[in-house]
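Student: sequence first, then the predicted structure:
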Amino acid sequence: MLRCILLCVFLLAMAFEGLAQDRSYGRSMVITDRGIVATSQYLASQAGAQILARGGSAVDAAIAANAVLGVTEPMMNGMGGDLFLIYWDAKTGKLYGLNSSGWAPRGLSIDYLKQHGITSMPQHGINSVTVPGAVEGWSEAHKRFGRLPWKDLFGPAIYYAEHGYPVAELVHGYWTVGQPTLQNEEARRVFLPNGKIPEVGQMFSNPDVAKALRLIADQGASAFYRGDIAKAILKTSVDAGGTLQADDLAQFAAEWVDPISIDYRGWRVYELPPNGQGMAALEMLNIMSNFQPDPGGPQGAVELHKKIEAMKLAYSDLYRYNGDPRFVKIPVQGLISREYGAQRARLINPDKANCDVKTGAPASDTTYLSTVDKDGNIVSLIQSNYDLFGSGLAVEGMGFVLQDRGGLFRLDPQHPDALAPRKRPFHTIIPAFMQRDDVHIGFGIMGGSNQPVAHAQFVSNVVDYGMNIQAAVSAPRFTVHGSQVDCTVPIESRMKPEVLQQLREKGHDLRVLGDYSSNMGRGQAVLYNSKTGMKYGASDPRADGNAEPEPLPSPALR
C-alpha cells in the first residue's frame, strides 16, 4: 500500500514538473470557441472583445482595439500614423493584404531639403512627416470586412479619451523616454498635463483626441483627409514651416496587395511586400531552412549562432534593396527564393561570427494586435507613429501627434529608398500570418528593425521546436543592433550563461539586456483550428496587454 502511495506521489510530482516546464514562459494560452482579441494594453483587448460580443467581425474588433490603443499608448500609435494588415477569410480561405502607409508631400524632395541647408534626412519635426494612413486603412478594411456600423467602433476609445484611464508602468516608461521628442507647444500641452509626465496610476484624459474620434465616427475617413481634421493638420504644417498641401491628404488612398510567402518545413509563412520589411523575415527563414533544428534547443549556442548569422545576411539585403515598388524595381522574388536562401546559407561559418556582411545579388516598428472572430476570420494588424511621439508635433486641437516615418528616407538619389514627392518610405511595421492544414495563425512582433528577426524566431519556435503560440511569443529572443549589420547582438539575459559564453567565443559581441526586454518587441498571436473550431490567443509578457476572449452576450450588450 505504501509503495502504491509513493508511486502515485512520484507520478503526480512528475506531472506537475511537466506542467511547470510547459508554463516556464509565465503565461498560458487563452482558449475559446468564440473570438479573441490580443493587444499590448488590456483596455484595448477588452474593447475589441466587447465588439465581438455585439456581433462584430474580426476587422471591427481590430479597429476598435486600435482606436483605444491610440488613446492609451499615444506615443506608440494613433491616427497620425500608418497601418498595415493581413486578413484571412475563414470561409474562402483567401488572404488579403492592406498597405495603408502614407506618402511624402508633393513639395518635399531632396532638392527642397538641400535648398534649405538640410543635408541629412530629418528624424523629427515637420520634414519627417508623411501623410498618415491609419484612418484610411480602418475605412478600407471596414468597407470590405466590417459588420457593425462604423460609428459603433469608436465608443470605447472616445470614452477613455474623455473619462481618462490609469497610466500603466511600461507606458509611463515610454512617456519618459519620449518626452524630449515633443516639439511644439501643442504636444507639450496635451501630453504633459501641468507640465509633467503622468505618473504610474495617474488618470490621463485627452478631450481633444475624443473630439477627433467623434468627427471620424460621425463623418468617416473624409473628416480626416478632407474635413476639419485635415484643416487642423494643414495649419499645424504651415505653423511648423512644412510642405503639406490639401491634395496630399485628399488624394491619398490605401492599397490592397497580395501577401508574399515561402514554404518553411511544410508551413506557409506570409508577409506583406515592400515598402515593408517582411521580405527580410522570409529570407532569414529560407536561410535557416538549409540547416536542421539543433537538438540543443532554441536557446542553445548552435541554434542561436545559426539564426544570428542568418539575420545579418537577410538584413544586409533588406537595407540595400527595400523601397517603394511604385518607384523602383525590387527583386522580392529573388530575395525570398529557396535557391537564394541556400546560396546565402553557404556563407555561414558554424564556428565564427561574420562581422563584415556583404550584400547579396538575388535574381531580379509601433503597436501590433491580432483578432479572430467566432467564424475564424483573422486580422493581423500593425500600426505605428514610428518613433515615440512620432515627429513630436501634435495636431492643433486634435490631441494626436503626426508620425515621423519620413525619417527613413535616404537623401542618396541612387538608393531605392531615396526621398521623392508622393513616395512611400521604407517601413518597419509588418503583420504576419502562417498556416498548415487546419491551423491558421495571425501573429506579429513590433519594435522597429527588430520585427523580421522576431518573426523568424517565432516561426522557428512553433515549427522547429513545437512550442504553442504563447510559449513562442514569450521565449527568450535576440535582435538586430538598430540599423547596423555587424557582430553586435542585443540578447535577453534568460539565455544560459554557458550559452552566452559559447556565442562570445564564436565572435559575437553580446549586449545582454533584461529578462523580458522591450527591445525585443511586444508580440501578439491568435490561432484558429478550422477542424475543431477552437481559437487560441497569446500576448507578450513584455507588454501590459492580454489576449481577451469574447464574452458571452449579456442584456447590456444586445
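Tutor: Here it is on my side, so go on. From a predicted model like this one, the values you see are computed outputs, not experimental measurements.
Student: in contact with the residue positioned nearest the centre of the chain, which residues?
Tutor: The residue lying closest to the centre of the chain (CA atoms, centre = their mean) is residue 446, at 3.4 Å. Contacts for residue 446 (CB atoms under 8 Å, 6 or more residues apart in numbering) come out as 40, 365-368, 382, 384, 429, 521-523. Every residue, glycine included, has its C-beta placed from N, CA and C.
Student: need those in a markdown table with secondary structure, neighbour count and distance to residue 116, can you?
Tutor: Shown next, in a markdown table, are the contacts of residue 446 (DSSP: H, G, I helix; E, B strand; the rest coil; neighbours: other CB atoms under 10 Å; distance: CB to CB, whole Å):
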| residue | secondary structure | neighbour count | distance to residue 116 |
| --- | --- | --- | --- |
| 40 | coil | 30 | 38 |
| 365 | coil | 22 | 28 |
| 366 | coil | 27 | 30 |
| 367 | strand | 30 | 33 |
| 368 | strand | 36 | 36 |
| 382 | strand | 30 | 33 |
| 384 | strand | 27 | 27 |
| 429 | coil | 29 | 29 |
| 521 | coil | 27 | 35 |
| 522 | coil | 28 | 37 |
| 523 | strand | 31 | 40 |
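Student: quick check: the farthest pair among the residues you listed?
Tutor: Using CB to CB, the two most remote members of the contacts of residue 446 are 384 and 523, lying 14.3 Å apart.
Student: circling back: ok, the contacts of residue 446 vs residue 442, which is closest?
Tutor: Minimum distance to residue 442 across the contacts of residue 446 is 10.1 Å, recorded for residue 368 (CB to CB).
Student: distance of that closest one from residue 477?
Tutor: For residue 368, the distance to residue 477 (CB to CB, to the nearest Å) stands at 15 Å.
Student: let me know the pLDDT of the closest residue to residue 518 other than its chain neighbours.
Tutor: Spatially, and ignoring its direct neighbours in sequence, residue 518 is nearest to residue 542 (5.6 Å; CB to CB, 6 or more residues apart in numbering). According to the prediction, residue 542 has pLDDT 93.
Student: again, but for residue 490
Tutor: 95.
Student: then residue 17?
Tutor: pLDDT at residue 17 comes out at 37.
Student: got it, and residue 355?
Tutor: Residue 355 is given a pLDDT of 89.
Student: how about residue 182?
Tutor: Predicted confidence (pLDDT) for residue 182: 96.
Student: number of nearby residues for it?
Tutor: Using other CB atoms under 10 Å, residue 182 has 23 other residues around it.
Student: how about low-confidence regions in the protein?
Tutor: The model of the chain has pLDDT under 70 over residues 1-25, 363-365, 553-558.
Student: what sits against residue 513?
Tutor: 490-493, 519-520.
Student: put together CSV for those residues, with distance to residue 196 on each row.
Tutor: Formatted as CSV, those follow (distance: CB to CB, whole Å):
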residue, distance to residue 196
490, 31
491, 35
492, 32
493, 32
519, 26
520, 30
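Student: tell me the one of the residues you listed nearest residue 172?
Tutor: residue 519 (17.6 Å).
Student: tally of neighbours for the closest one?
Tutor: With other CB under 10 Å as criterion, residue 519 counts 18.
Student: all strands of the stretch 251-400 of the chain, in order?
Tutor: Secondary structure of the stretch 251-400 of the chain (DSSP state E, counting those that start in this stretch): strands at 255-257, 260-264, 267-271, 367-372, 378-384.
Student: oh, that last question was meant for the stretch 401-550 of the chain, not what I typed.
Tutor: Assigned by DSSP E, counting those that start in this stretch, the stretch 401-550 of the chain shows strands spanning 432-436, 439-445, 488-492, 509-513, 523-529, 535-539, 546-549.
Student: export those to a markdown table and tack on distance to residue 95?
Tutor: Listed next are these as a markdown table, based on distance: least, CB to CB, whole Å:
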| stretch | distance to residue 95 |
| --- | --- |
| strand 432-436 | 7 |
| strand 439-445 | 10 |
| strand 488-492 | 32 |
| strand 509-513 | 35 |
| strand 523-529 | 13 |
| strand 535-539 | 18 |
| strand 546-549 | 22 |
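Student: any idea which of the ones you listed gets closest to residue 224?
Tutor: Using CB to CB, the nearest of the strands of the stretch 401-550 of the chain to residue 224 is strand 439-445, at 24.3 Å.
Student: got the angle between the closest one and strand 267-271?
Tutor: 40 degrees (axes from the mean of the first three to the mean of the last three CA atoms, to 10 degrees).
Student: and strand 439-445, how far out from the chain middle?
Tutor: Strand 439-445 sits 12 Å away from the centroid of its parent chain (CA atoms, centre = their mean, to the nearest Å).
Student: now stretch 418-431: buried residues?
Tutor: Across stretch 418-431, burial judged by 16 or more other CB atoms under 10 Å covers 418-420, 422-431.
Student: how much space separates residue 67 from residue 299?
Tutor: 38 Å.
Student: those two: which is more packed in?
Tutor: Neighbour totals were compared for residue 67 and residue 299, and residue 67 leads with 31 against 18 (other CB under 10 Å).
Student: secondary structure element for the more buried one?
Tutor: Assessed by DSSP states H and E, residue 67 sits inside helix 58-72.
Student: using PDB, write out every CA atom in that helix.
Tutor: C-alpha atoms of helix 58-72 as PDB (Å, rounded to 0.1, in the frame of the first residue of the first chain):
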ATOM      1  CA  ALA A  58     -12.500  40.500 -36.600                       C
ATOM      2  CA  VAL A  59     -11.900  43.700 -38.600                       C
ATOM      3  CA  ASP A  60     -14.500  45.600 -36.400                       C
ATOM      4  CA  ALA A  61     -12.700  44.400 -33.300                       C
ATOM      5  CA  ALA A  62      -9.300  45.300 -34.600                       C
ATOM      6  CA  ILE A  63     -10.400  48.900 -35.500                       C
ATOM      7  CA  ALA A  64     -12.000  49.400 -32.000                       C
ATOM      8  CA  ALA A  65      -8.900  48.000 -30.300                       C
ATOM      9  CA  ASN A  66      -6.500  50.000 -32.400                       C
ATOM     10  CA  ALA A  67      -8.500  53.200 -31.700                       C
ATOM     11  CA  VAL A  68      -8.300  52.600 -27.900                       C
ATOM     12  CA  LEU A  69      -4.500  51.900 -28.200                       C
ATOM     13  CA  GLY A  70      -4.100  55.300 -29.800                       C
ATOM     14  CA  VAL A  71      -5.600  56.800 -26.600                       C
ATOM     15  CA  THR A  72      -3.800  54.600 -24.100                       C
END
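Student: adjacent strands (with direction) for the helix or strand following that helix?
Tutor: As assigned by DSSP H and E, the chain's next helix or strand after helix 58-72 is strand 82-88. In the sheet, strand 82-88 lines up against strand 95-100 (antiparallel), strand 378-384 (antiparallel) (DSSP bridges).
Student: okay, now the residue nearest to residue 310 when sequence neighbours are not counted: neighbour count?
Tutor: Excluding the flanking residues, the one nearest residue 310 by CB to CB, 6+ apart is residue 287, at 4.0 Å. Number of residues near residue 287 (other CB under 10 Å) recorded here: 27.
Student: was I right about residue 287 contacting residue 346?
Tutor: No - if you go by CB atoms under 8 Å, residue 287 and residue 346 don't touch, sitting 9.6 Å apart.
Student: residues in contact with residue 263?
Tutor: With CB under 8 Å, 6+ apart, residue 263 has these contacts: 269, 338.
Student: again with residue 88
Tutor: Neighbours of residue 88 in contact, by CB under 8 Å, 6+ apart: 94-96, 377-378, 380, 433, 435, 440, 442.
Student: how far away is the residue lying closest to residue 330 once chain neighbours are set aside from residue 334?
Tutor: Spatial nearest neighbour of residue 330, chain neighbours left out: residue 274 (5.1 Å); criterion: CB to CB, 6+ apart. As judged by CB to CB, residue 274 and residue 334 stand 13 Å apart.
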